[in-house]
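J.: what follows is a protein structure lacking sequence information:
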DNA sequence: ACCTGAACACCGTTCAAGT
DNA sequence: ACCTGAACACCGTTCAAGT
């Protein structure tokens, strides 16, 4: 949070811009060396600004995660609880699915704490928990599921988009969401 | 299929034995160099016997895949079609989930043809297709799902076992399977 | 304060040279 | 026919030396 020297600030911004593009194209496991090279800085400079790969990823996708949280609040106010949750899950999948490796990284990060990505995802978990509780109170979602499971499932299903395409991922997510509804028969 | 020289046969078997253990411990992306080293052969010898990583994986898990096929036939004869399919999916997940990276590798292999792993999985797809068709005829499973989607879903959900443990994976799979049943309401 | 490249310990894959 | 290690082009990560 302290002030950065002008050259350091420029390097940091150039790294972020390059990383944003490379990670979008190649996924979260893209070569850090490659990113440093394209940004025109030494590899150690990348490490100085982002000590771990997670720090870099968190810096890039932080804004996107905050948008997911905002969307949760918005849906919560404009739609019935069940619909709000279901639509939100679809929104999450559509946003994180395209980034190869991101769903797994997020799900991993939630488990370990102290990780920069985990901190971002913690808010996501809280928002999801609230939506789920309300949806369950409405009888729109089975009472026996917990949000961490739902998030893990959505993450795994989102990741399908990279391999089999977004349409397949969406169809599978819809089946899973159907399974979250209270069963009619038994 | 032609005869191998005695030393070549020994090397091949030693490689398979070591690879079986290393891949069980570290997953399908384990270091090939490491496997060759532990097997006491040169790295190029590994490549001679298994030109691609997929060839090695296929050689190791081929037997397991054949067991999955056998189980499909068995369930098909002893259980109602819907139950047979559902139990089979759980069985697949419990078998491939523990091998880190295998579900993704199998799902990838199905798409490309000519791949050794894809050839093994083709039988799996046929067996699944038959089980699904019968289950749908019985009205036990939604008429609008196709088996390739189901396999992709089961693969993705199986992979959860490595990260979040087999119990989480099983719970999520059960929700997905619930979603495969015809819905009572709409 | 910050940047840099060399250094270290790894990969996957190929190939010339050996028996 | 088969085996071998060196070679090549990469990694991630750290650290001494520079400004």
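T.: Happy to help now that I have it. It should be emphasised that the depicted structure is a prediction, and the values quoted were computed from it without experimental measurement. Residues are numbered from 1 along each chain as shown, chains lettered A, B, ... in the order given.
J.: centre of the chain to the helix ranked longest in chain A, how far?
T.: For chain A, the helix reaching the highest residue count under DSSP state H is reported as helix A:53-78. Averaged C-alpha coordinates place helix A:53-78 at 7 Å from its chain's average position (Cα atoms, centre = their mean, to the nearest Å).
J.: quick one: it near DNA strand D?
T.: Yes - under the criterion of Cβ under 7 Å from any atom of the strand, DNA strand D is reached by helix A:53-78 at residue A:53. C-beta here means a position set from N, CA and C on the backbone, and glycine is covered the same way.
J.: chain B contacts on chain A?
T.: Counting by Cβ under 8 Å from any Cβ of the partner chain, the positions of chain A adjacent to chain B are A:104, A:107-108, A:111, A:145, A:149, A:152-153, A:156-157, A:159-160, A:163-164, A:168, A:171-172, A:174-181, A:183-185.
J.: now a PyMOL select for only the buried ones of those.
T.: Restricted to the buried members of the residues of chain A next to chain B, where burial is judged by 16 or more other Cβ atoms under 10 Å in any protein chain shown, the PyMOL selection command reads as follows:
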select buried, chain A and resi 104+107+108+145+149+152+153+156+157+159+160+163+164+168+171+172+175+176+177+178+179+180+181
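J.: quick one: the residue nearest to residue A:101 when sequence neighbours are not counted and chain B, what's the gap?
T.: Counting by Cβ to Cβ, 6 or more residues apart in numbering or on different chains, residue A:101 lies nearest to residue A:28, which is 3.7 Å off, once chain neighbours are set aside. Distance, residue A:28 to chain B, using Cβ to the nearest Cβ, to the nearest Å: 15 Å.
J.: which residues does residue A:28 contact?
T.: Shown in contact with residue A:28 (Cβ atoms under 8 Å, 6 or more residues apart in numbering or on different chains): A:53, A:57, A:99, A:100, A:101, A:102, A:105.
J.: which SS class is it?
T.: Each residue gets one of three states, and residue A:28 gets coil by DSSP: H, G, I helix; E, B strand; the rest coil.
J.: picking that back up, reformat the contacts of residue A:28 as JSON lines; add secondary structure, pLDDT and neighbour count.
T.: Putting these into JSON lines (DSSP: H, G, I helix; E, B strand; the rest coil; pLDDT from 0 to 100; neighbours: other Cβ atoms under 10 Å in any protein chain shown) gives the following:
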{"residue": "A:53", "secondary structure": "helix", "pLDDT": "98", "neighbour count": "16"}
{"residue": "A:57", "secondary structure": "helix", "pLDDT": "98", "neighbour count": "24"}
{"residue": "A:99", "secondary structure": "coil", "pLDDT": "98", "neighbour count": "23"}
{"residue": "A:100", "secondary structure": "coil", "pLDDT": "98", "neighbour count": "20"}
{"residue": "A:101", "secondary structure": "coil", "pLDDT": "98", "neighbour count": "16"}
{"residue": "A:102", "secondary structure": "helix", "pLDDT": "98", "neighbour count": "25"}
{"residue": "A:105", "secondary structure": "helix", "pLDDT": "98", "neighbour count": "24"}
